[in-house]
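Peer 1: Show me how the following folds:
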Amino acid sequence: MAGCTKFPIMIIARTLTDLRAACASLRAEFGGLTFVPTMGALHEGHKTLVREAVASGAPAVTSIFVNPLQFAPTEDLSRYPRDEAGDLAALEACGCALVWLPDVATMYPPGEATTISLAGPAERWEGDARPGHFRGVATVCAKLFGQVRPDRAYFGEKDWQQLQVIKRMVADLLLPLEIVGVPTVREADGLAMSSRNRFLNPDERAVAPALYRVLRSVAGDLAGGAVAAPVLASAREALTAAGFAVDYLALVDGPTLAPVETVGTGSRLIATARLGPVRLLDNVAIG
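Peer 2: Okay, the predicted model is just below:
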């Protein structure tokens, strides 16, 4: 990677006018921008994305916006964790050049009539479990890309299906940026980092790493030539016995998320399981 660019003062923009002026100034001086979209409550996974963006040598822009369009009516938008002061301090420490903090009225002004309609990798799995979720994710990302106009945007592989949805949207709509996937950042015991992990009680937190352990075990079996169906069934049973409510555990083609019966190039093992109030998402590559 290119050397990091250090900025003496991190810019904070809360209006489109300020954002556009700051982006134009940074782009004119440095030739390009990188971008990390977030919903805040930043943890080490988010910080890794920002550090990757900074390490590219181009100024890193990070957005913080809790997007109401990706929450279903049954999901509690108000419960999503927020920590603006802590997030800003963390971003400054990571070397972020510009933070974009829009409000809902800026992102979704009255009278607008356009959202992103999706198929392909947005179907099945999270698409079935959370109807409308990816429409909200794709729509807000398209808006953010249009506002910031970055050359590259960074997304974590933990949300594997989301990453593929965004890659496909960018390709299909011919948007002039590269989507960069960054490997999942984990706690020392293997649990994938997530803003929602804070809602696990101590007993649930102790059980949570079993999801990754089971995925690694299944991935090893499948890479060794085991038949997928019985291995997946046994893994679901093991997770249920450990206290998880399994939404899905499946072998899929990595880019398309289509289910497959045998391991091939780019195969991915994906899972979502509930533990107490929290839906834990995780995935691993096969082979």
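Peer 1: wouldn't Asp159 be in contact with Leu281 here?
Peer 2: Yes. With contact defined as CB atoms under 8 Å, Asp159 reaches Leu281; the gap is 6.3 Å. No exception for glycine: its C-beta is placed from N, CA and C like everyone else's.
Peer 1: May I have stretch 239-257 as CSV, with CA atoms only?
Peer 2: The C-alpha coordinates for stretch 239-257 follow below in CSV (Å, rounded to 0.1, in the frame of the first residue of the first chain):
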residue,chain,number,x,y,z
LEU,A,239,-25.6,-24.9,17.1
THR,A,240,-29.1,-25.5,18.3
ALA,A,241,-27.8,-27.6,21.2
ALA,A,242,-25.4,-24.8,22.1
GLY,A,243,-28.3,-22.4,22.5
PHE,A,244,-28.5,-20.7,19.1
ALA,A,245,-31.7,-20.3,17.0
VAL,A,246,-30.3,-20.9,13.5
ASP,A,247,-31.9,-18.8,10.8
TYR,A,248,-29.7,-20.4,8.1
LEU,A,249,-26.4,-22.2,7.6
ALA,A,250,-25.7,-22.8,3.9
LEU,A,251,-23.0,-23.5,1.3
VAL,A,252,-23.2,-20.9,-1.4
ASP,A,253,-21.4,-19.5,-4.5
GLY,A,254,-19.5,-16.6,-3.1
PRO,A,255,-20.4,-13.8,-5.6
THR,A,256,-24.0,-14.8,-6.4
LEU,A,257,-25.1,-16.3,-3.0
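Peer 1: Centre of the chain to that stretch, how far?
Peer 2: 17 Å (CA atoms, centre = their mean, to the nearest Å).
Peer 1: in it, what counts as buried?
Peer 2: By neighbour count on 16 or more other CB atoms under 10 Å, the buried set for stretch 239-257 is Leu239, Phe244, Val246, Asp247, Tyr248, Leu249, Ala250, Leu251, Val252, Asp253, Gly254, Leu257.
Peer 1: do stretch 140-147 as well
Peer 2: Neighbour-count burial for stretch 140-147 [16+ other CB under 10 Å]: Val140, Cys141, Ala142, Lys143, Leu144, Phe145, Gln147.
Peer 1: And stretch 264-272, by the same measure?
Peer 2: Buried residues in stretch 264-272, defined by neighbour count with 16+ other CB under 10 Å: Ser267, Arg268, Leu269, Ile270, Ala271, Thr272.
Peer 1: Count the neighbours of Ala22 for me.
Peer 2: Residues lying near Ala22 (other CB atoms under 10 Å) number 21.
Peer 1: CA atoms of the helix or strand harbouring it as CSV?
Peer 2: For Ala22, the enclosing helix or strand under DSSP states H and E is helix 16-30. Extracted in CSV, the C-alpha atoms of helix 16-30 (Å, rounded to 0.1, in the frame of the first residue of the first chain):
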residue,chain,number,x,y,z
LEU,A,16,-24.2,18.9,1.7
THR,A,17,-22.7,22.3,1.0
ASP,A,18,-19.9,21.7,3.5
LEU,A,19,-19.4,18.1,2.3
ARG,A,20,-19.1,19.1,-1.3
ALA,A,21,-16.6,21.9,-0.5
ALA,A,22,-14.5,19.6,1.6
CYS,A,23,-14.5,16.8,-0.9
ALA,A,24,-13.6,19.2,-3.7
SER,A,25,-10.7,20.6,-1.7
LEU,A,26,-9.3,17.2,-0.8
ARG,A,27,-9.7,15.9,-4.3
ALA,A,28,-8.0,18.9,-5.8
GLU,A,29,-5.0,18.5,-3.5
PHE,A,30,-4.6,14.8,-3.4
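Peer 1: so how far is that helix from its chain's centroid?
Peer 2: With CA atoms, centre = their mean, you get 25 Å for helix 16-30.
Peer 1: Can you flag which of the buried residues of stretch 140-147 belong to helices?
Peer 2: Val140, Cys141, Ala142, Lys143, Leu144, Phe145, Gln147 (DSSP state H).
Peer 1: Can you tell me which of those residues is closest to Arg216?
Peer 2: Cys141 (30.1 Å; CB to CB).
Peer 1: Could you check the pLDDT of that closest one?
Peer 2: If you check Cys141, the pLDDT there is 98.
Peer 1: swap in Lys6?
Peer 2: Confidence score, pLDDT, at Lys6: 60.
Peer 1: How about Val252?
Peer 2: For Val252, pLDDT reads 98.
Peer 1: Look at Pro59 and say how many residues are nearby.
Peer 2: 27.
Peer 1: check contacts around the closest residue to it other than its chain neighbours.
Peer 2: Nearest non-adjacent residue to Pro59, counting by CB to CB, 6 or more residues apart in numbering: Ala97, 3.8 Å away. Contacts for Ala97 (CB atoms under 8 Å, 6 or more residues apart in numbering) come out as Thr5, Phe7, Met10, Ile11, Leu26, Pro59, Ala60, Val61.
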